[in-house]
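Student: return a 3D structure for these sequence lines:
(one chain, ligands or ions: 2)
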Amino acid sequence: MSIRRLPEHLVNRIAAGEVVERPASALKELVENAIDAGATRIAVALAGGGRDRIEVADDGSGMAPAEIALALERHATSKLPDDSIERVSTLGFRGEALPSIASVARLTIESRVRGADGWSRAVDNGALDGEGPAALPPGTRVTVEELFGKVPARRKFLRSERSEYAACVDVVKRLAMARPDIGFTLEHDGRRTLSVPPGEDRPARVAALTSRDLGENSVAVDYAREGVRLGGVAGLPTFNRGVADHQYLFVNGRPVKDRLLIGAVRGAYQDLLARDRHPILALFIELPGEEVDVNVHPAKTEVRFRDPGGIRGLIVGGLRHALDAAGHRSAQRPSAAALGNWRSSPSPSGEGLGWGMSSGATSPRIFPTSPTPYPSPEGEGLSSVFDQRFDYFPQARAEMAAEPVPEAQTHPLGVARGQVAATYIVAEAEDGLVLVDQHAAHERLVLERMRRAMANGGVARQALLLPEVVELDEPACDRIEARLAELEEMGLELERFGPRAILVRATPALLGHGDIKALITDLGDELAAYDSALSLKEKLDLVAATMACHGSVRAGRILSVAEMNALLREMEVTPHSGQCNHGRPTWVKLSMGDVEKLFGRK
Ligand SMILES: Nc1ncnc2c1ncn2[C@@H]1O[C@H](COP(=O)(O)OP(=O)(O)O)[C@@H](O)[C@H]1O
Ligand SMILES: [Mg+2]
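Tutor: Ligands and ions are numbered 1, 2, ... in the order given. Okay, the predicted model is just below:
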């Protein structure tokens, strides 16, 4: 075995593997360089999702000709004047990005220092490819063409133009959020797709890059503890999304994706949100340099805290504090602990003094063996009953006239007696008092109906009188467009409507009149989370759950007694109706014996 020193071009390619994985990672390095150069405006232009061309132009300090040459050498940096990485305040510090990119693409640097002439230098896959005078305003323009064009082994791992573009948009958004003082523009294949002006304040910038509605649906976070500061914007729990993609985290101005932080955010929202729902938020942590190591990941997207527990506590505490102060927590559903207060025995079956919880392993579906007098085929059942009107009491009997006379035993969930808080149905069963969460229950029923309809060849559609236009960001529109045929089978008739909008022509009939905008927005998010190799049918549960959530009887809707009873009856014959799509119970029962015990009668 003989050991040899690797030639420089091979060393560069190996380093490139760490820093430059795909167009988005090259783009990240270039934009970070522009920020480090003190730019006030940064213009990004991409072609072919960044696979063909990436161009980043800034109005920063610029480089003199000799500096340009040096910048292209490995480990040459202007950012570590002394040797302490701990105190580095720039985004870059390794001096590795430019030579790495230049070793696997054609890279051109054009740069001009104020008051001097411009100069340009091009390197093609590691070899100098010409230099000379260049005309440009003060600042720097770096162009990367044909990334991995001569490294087929790497090129073939690039994803579709759309996914690479989506990753590039994400990079620009995160850096633009970190620096609201800098103006950013993004162009793709000649079209302007993002533009934020310089000098914005942080909340405005975050809203511009996430959702224009975030302003009125968020709270400001500003919390400090032991020299560590947490600031930013946190979306209200009710303003949630189907994926965690809209959580932006920054440590000392650096966008990071850190599992500790993500876990802490989940912890803070834990009892405010269903497990599959996620808040929109942008959090900025500022702490002394020696408390965090930013040098643990080639792309610098992960960091290591000296005191991870303390940071976690700060995030959970800061978020809770902000959400509590906004007074919105009281609007959330009571926790399981609140129900537990009624319980004297932990038995999940509802024996003894306690609420029988309908969910859990003991009863994955309710009353699976009871024969059903009310089959609920697609299109019938709940929604048709909802359209009927009854004007005498008890209406419950009216709709059943043609059916066998109901025995108390055949109605395990009882007969509706009323509604509490426009959210809960109170029913009297033979053996106790039943409380039903109408929204959670209906959501579940819609999901199960969709499943049946899909199994029988497709979901019935209902055309909108006026097609609705829903605005989304471009990658979300792309994702939806790629799935149009599958979504149509699910009853959603959609059409691409320009670069950043989707036209909705029809929705599943069984959804009724839900919030179409929220539904399409969530779908766009959700599709991002799916592997494109999976068909939506394989993910039917998730898509149907999203739809069901938006088509359901919302909490807060007044129901007629007939509607309530229809809901109870359908629950009794629907599999899995005892738990909602988020895993919480849809109903609880307090047995008659327990009611009597509560009042000391037994
Ligand atoms: N857009 C730019 N404007 C001014 N100088 C730049 C720019 N991009 C790169 N440089 C110079 O080139 C050097 C090398 O860049 P890079 O390889 O990304 O390493 P690093 O950013 O870690 O220093 C930087 O330290 C900086 O001096
Ligand atoms: Mg750099």
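
Student: and the residue in the stretch 501-602 of the chain that ligand 1 sits nearest to, how many neighbours?
Tutor: Nearest residue of the stretch 501-602 of the chain to ligand 1 (C-beta to the nearest ligand atom) works out as Ala528 at 29.3 Å. Quick note: C-beta positions are derived from backbone N, CA and C, even for glycine. Applying other C-beta atoms under 10 Å, we find 17 residues neighbouring Ala528.

Student: show me what contacts it?
Tutor: Counting by C-beta atoms under 8 Å, 6 or more residues apart in numbering, Ala528 touches 166, 243, 245, 475-476, 479.

Student: wait, a helix at Thr77?
Tutor: No. According to DSSP: H, G, I helix; E, B strand; the rest coil, Thr77 belongs to no helix; its state is coil.

Student: in space, what's closest to it - neighbours in sequence excluded?
Tutor: Excluding its sequence neighbours, the residue lying closest to Thr77 (C-beta to C-beta, 6 or more residues apart in numbering) is Gly95, at 3.2 Å.

Student: pretty sure that neighbour is touching Leu70, no?
Tutor: No. With contacts counted by C-beta atoms under 8 Å, Gly95 stays clear of Leu70, the gap being 9.2 Å.

Student: joint contacts of the two?
Tutor: Common neighbours of Gly95 and Leu70 (C-beta under 8 Å, 6+ apart) are Ala76.

Student: show me which of the contacts of Ala528 are buried.
Tutor: The neighbour-count test (16 or more other C-beta atoms under 10 Å) marks 166, 243, 475-476, 479 as buried among the contacts of Ala528.

Student: for Pro298, give its distance to Val228.
Tutor: To Val228, Pro298 is 26 Å away according to C-beta to C-beta, to the nearest Å.

Student: which of these two has more neighbours?
Tutor: Val228 (21 against 17).

Student: what sits against the closest residue to the more buried one other than its chain neighbours?
Tutor: Once flanking residues are discounted, Val228 sits nearest to Leu287: 4.4 Å by C-beta to C-beta, 6+ apart. Leu287 is in contact with 227-229, 251-252, 311, counting by C-beta under 8 Å, 6+ apart.

Student: between the residues you listed, which is closest to ligand 2?
Tutor: Set against ligand 2, the nearest of the contacts of Leu287 by C-beta to the ion is Asn252 (16.2 Å).

Student: among the contacts of Ala528, which ones lie close to ligand 2?
Tutor: Restricting these to those within reach of ligand 2 (C-beta under 5 Å from the ion) leaves nothing.

Student: turn the residues you listed into a markdown table, including secondary structure.
Tutor: What follows is the contacts of Ala528, written out as a markdown table (three-state DSSP):
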| residue | secondary structure |
| --- | --- |
| Ala166 | helix |
| Val243 | coil |
| Asp245 | helix |
| Pro475 | helix |
| Ala476 | helix |
| Arg479 | helix |
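
Student: wait, which of those is closest to ligand 1?
Tutor: For these, the residue nearest ligand 1 by C-beta to the nearest ligand atom is Ala166; the value is 23.8 Å.

Student: how about that closest one, what does it touch?
Tutor: 475, 478, 528.

Student: if we ignore the residues flanking it in sequence, what's nearest Ser195?
Tutor: Thr185 (4.8 Å).

Student: ok so, going back, which of the contacts of Leu287 tops the neighbour count?
Tutor: Neighbour counts for these, by other C-beta under 10 Å, peak at Ile311, which reaches 24 neighbours.

Student: need the contact list for that residue.
Tutor: Ile311 neighbours (C-beta under 8 Å, 6+ apart): 228, 260-261, 264, 285, 287, 305.

Student: near ligand 2, which of the residues you listed show up?
Tutor: Counting by C-beta under 5 Å from the ion, no member of those is near ligand 2.

Student: so of those residues, which ones are in helices?
Tutor: Here DSSP state H is the test, and the contacts of Ile311 give 260-261, 264 as lying in helices.

Student: what about the closest residue to ligand 2 within the stretch 101-250 of the chain, helix or strand, and which?
Tutor: Here the stretch 101-250 of the chain gets closest to ligand 2 at one residue, Ile101, 9.9 Å apart by C-beta to the ion. If you go by DSSP states H and E, Ile101 is part of helix 97-103.

Student: one step back: and for the residue of the stretch 101-250 of the chain closest to ligand 2, the neighbour number?
Tutor: By the criterion of other C-beta under 10 Å, Ile101 has 26 neighbours.

Student: now do the helices in the stretch 501-602 of the chain.
Tutor: All helices of the stretch 501-602 of the chain, identified by DSSP state H, counting those that start in this stretch, fall at 516-529, 540-551, 561-573, 592-598.

Student: which positions in the longest one come out as buried?
Tutor: Buried residues in helix 516-529, counted by 16+ other C-beta under 10 Å: 516, 519-528.
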